[in-house]
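Asks: give me a model of this one.
(chains A, B, C and D)
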Protein chains: 4
Amino acid sequence: MKIQEMQKEVDLWAEVNGGYWAPLSQMARLTEEAGELARVLNHAYGEKKKKPDEILNPLEEEVGDVLFTLICISNSHKIDMVSAYQRAIEKYNIRDKDRWK
Amino acid sequence: MKIQEMQKEVDLWAEVNGGYWAPLSQMARLTEEAGELARVLNHAYGEKKKKPDEILNPLEEEVGDVLFTLICISNSHKIDMVSAYQRAIEKYNIRDKDRWK
Amino acid sequence: MKIQEMQKEVDLWAEVNGGYWAPLSQMARLTEEAGELARVLNHAYGEKKKKPDEILNPLEEEVGDVLFTLICISNSHKIDMVSAYQRAIEKYNIRDKDRWK
Amino acid sequence: MKIQEMQKEVDLWAEVNGGYWAPLSQMARLTEEAGELARVLNHAYGEKKKKPDEILNPLEEEVGDVLFTLICISNSHKIDMVSAYQRAIEKYNIRDKDRWK
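Replies: Next comes the predicted model:
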């Protein structure tokens, strides 16, 4: 699935449901969702251990929620996430290119 | 661009660059990147205002960094981000379906 | 109550309960608690509004959890929180001193 | 130093400097400061290691910034941080009291 299609589908969802939240409200939501992801990862790798494969289902859910919130923030600002992604991977490729020589 | 292609490309980047970080280290990175996104949004919509269009370029960069880190976390756990996304949009569609009747 | 007394009391709690978590696990916990604080604030000031005075009780709880986690991180590194605080207020006083002239 | 004195001193700082930011703007600031703390801890305990004692100085600074932001959020809502702290330590003491029997 293309990330552009995700962005369009979320735009449709927002249109039907009263539009996007205000930016700082969306940001608070991203903080909340990142916090839930942190909790799940802490359960697998922190002190109160569950087995890593026991967290796969909740982890997928939290990844989905963070991704969804990030799409909302991007759509509110007409940001093309492919362009955002390509800029990131390019930056990390350049930064790391001499690391292992 | 398909999100699966992004996941494959980041896998290749990780392979060339010594593999993925440990999960809680990746999580700390996500917290750091979410914090940079918060700073940029605060500059446009918080008390020390810049104009929203002045933040578009740094905002795209921070969205890319959060997305990249989320792909790393997903890849480390063999999570299919399309499936994660579809689960999220389905959840929000069901939750909100009677909201505007 | 002095913050040094809080730091000592938390040290005692940690001693009785198996010591502090590993640093990146504590950090994930701080991210989780900050996320819960974000959720409560979003309920009062974001799109799905409750009245601000309806959040005072849960807000106090989340502030307490963030503070407790911050004390744990500080104690693990023998950081004096009075010194940390004084450094912050001094920084903001200097930064802002000519702001309103 | 009593945490009540810190709260009073920050109130004075806010009064002189135009008052507190809006709540979701303060929350975005907390996310930003938590992100900087995450970066410092990742430098000591994550993949790109510095020695833990090399991070003590920047760690104290980030702890101070998180604490300062938490005081601002508390003051804006007239939350007594001693009460918030006592509620947290009581909760953790009760939760953990049979853990090591």
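Asks: C-alpha from now on. contacts and neighbour counts both.
Replies: OK.
Asks: and the least confident helix or strand in chain A by mean pLDDT, anywhere near chain D?
Replies: Across the helices and strands of chain A, mean confidence by mean pLDDT, DSSP states H and E is lowest for helix A:81-96: a mean of 94. No. Counting by CA under 8 Å from any CA of the partner chain, chain D is not contacted by helix A:81-96; separation bottoms out at 12.6 Å.
Asks: name the element the most centrally placed residue in chain A belongs to?
Replies: In chain A, the residue lying closest to the centroid (CA atoms, centre = their mean) is A:Leu67, at 3.0 Å. Here A:Leu67 sits within helix A:56-76, counting by DSSP states H and E.
Asks: which residues touch the residue of chain A found nearest chain B?
Replies: As assessed by CA to the nearest CA, chain B sits closest to A:Lys2 within chain A, at 3.8 Å. Listed by CA atoms under 8 Å, 6 or more residues apart in numbering or on different chains, the contact partners of A:Lys2 are B:1-3.
Asks: kindly state the beta-bridge partners for it.
Replies: B:Lys2 (DSSP bridges).
Asks: where does chain A have low pLDDT?
Replies: For chain A, applying pLDDT under 70 flags the ranges A:48, A:98-101.
Asks: can stretch A:37-48 be said to contact chain D?
Replies: No. Judged by CA under 8 Å from any CA, stretch A:37-48 stays clear of chain D, getting no closer than 12.1 Å.
Asks: er, stretch A:12-28 actually
Replies: Yes. Using CA under 8 Å from any CA, stretch A:12-28 reaches chain D at A:24-25, A:27-28.
Asks: next one: stretch A:65-78
Replies: No. Using CA under 8 Å from any CA, stretch A:65-78 stays clear of chain D, coming no nearer than 13.9 Å.
Asks: would you put the C-alpha positions of that stretch in CSV?
Replies: The C-alpha coordinates for stretch A:65-78 follow below in CSV (Å, rounded to 0.1, in the frame of the first residue of the first chain):
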residue,chain,number,x,y,z
ASP,A,65,-1.6,4.5,16.4
VAL,A,66,1.6,6.4,16.2
LEU,A,67,1.6,6.1,12.4
PHE,A,68,-2.0,7.3,12.1
THR,A,69,-1.3,10.3,14.3
LEU,A,70,1.8,11.2,12.3
ILE,A,71,-0.3,11.0,9.1
CYS,A,72,-2.8,13.4,10.7
ILE,A,73,-0.1,15.9,11.5
SER,A,74,1.4,15.6,8.0
ASN,A,75,-2.0,16.0,6.3
SER,A,76,-2.8,19.1,8.4
HIS,A,77,0.3,20.7,6.9
LYS,A,78,0.1,19.3,3.4
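Asks: neighbouring contacts of that stretch?
Replies: Applying CA under 8 Å, 6+ apart, the contact partners of stretch A:65-78 are A:6-7, A:10-11, A:20, A:23, A:26-27, A:29-30, A:33-34, A:80-81, B:56, B:60, B:63, B:67, B:70, B:84-85, B:88-89.
Asks: mind listing what's buried along it?
Replies: The neighbour-count check on stretch A:65-78 (16 or more other CA atoms under 10 Å in any protein chain shown) flags A:65-77 as buried.
Asks: and what of stretch A:38-48?
Replies: A:38-46.
Asks: so how far is that stretch off the chain centroid?
Replies: Centroid separation for stretch A:38-48 versus its chain: 19 Å, with CA atoms, centre = their mean, to the nearest Å.
Asks: great, nothing more from me.
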